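Asker: structure for this input, please:
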Amino acid sequence: MVPKNTICLWYDGTALEAAQFYAKTFPDSAVGAVLRAPGDYPSGKQGDVLTVEFTVLGIPCLGLNGGPAFKHSEAFSFQVATDDQAETDRLWKAIVGNGGQESACGWCRDKWGLSWQITPRALTAAITDPDRAAAKRAFEAMMEMGKIDIAAIEAARRG
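Answerer: Here you go, the predicted structure:
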C-alpha cells in the first residue's frame, strides 16, 4: 500500500545509488520499486531510472531523478538519534567516508548533497537539562564540534 505521505527527494540521475546506500547504512531501510522510463524523453532514454521508492529509518521516500535543476540544502535534513558513540561514529563515517562532507554541530552532508544530523540522545538530554547552566555548557561544547563527541558533551554538562 502506498503511504499517504512520502518524502520526495530530487536527484540528478543518482536516486537508485543513493537509495541503495541508505538501505545498507541505516537500520529499517530498504529499496522498493524502481520505475524505469517506458520510452525516450527529452532528458533521458528508455530504461533510465525515473523514480525509486525507498525507506530510510522507516520513513517512506521517493527518489526522483529530476535532473540538475534543483540541489539539496540544509533546509531539509534527516535527524538520526543515535544511542551511543559507536553508532554515532559508524553513521558519521559512512556518510562522510562515502564522498560526503563534515559540517558543524553534528551535521554532515552525503555525496548527493542531502543533509544529515547525527544526534546522540545524550546530546539532546544534555542541552535540555533542567540545570540551565549544565545545558548551556553542553550547548557551548556542541557548538565547537563537527561530529558529536558524547564524552566531551557529558564532561561539559558536569562542568
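Asker: who are the contact partners of the most centrally placed residue in the chain?
Answerer: Among the residues of the chain, the one closest to the centroid is residue 116, at 3.3 Å (C-alpha atoms, centre = their mean). Applying C-beta atoms under 8 Å, 6 or more residues apart in numbering to residue 116 gives the contacts 77, 78, 79, 80, 91, 95, 107, 108, 109, 110. Where C-beta positions appear, they are placed from N, C-alpha and C, glycine not excepted.
Asker: what residues go with each domain of the protein?
Answerer: 1-69, 72-159 (automatic domain parsing).
Asker: now the longest one, how far from the centre of its chain.
Answerer: This points to domain 72-159. Averaging C-alpha positions (C-alpha atoms, centre = their mean, to the nearest Å) puts domain 72-159 12 Å from its chain's average.
Asker: that older thread, worst average pLDDT in the domains of the chain?
Answerer: Note on these: lowest mean pLDDT is at domain 1-69, with a mean of 94.
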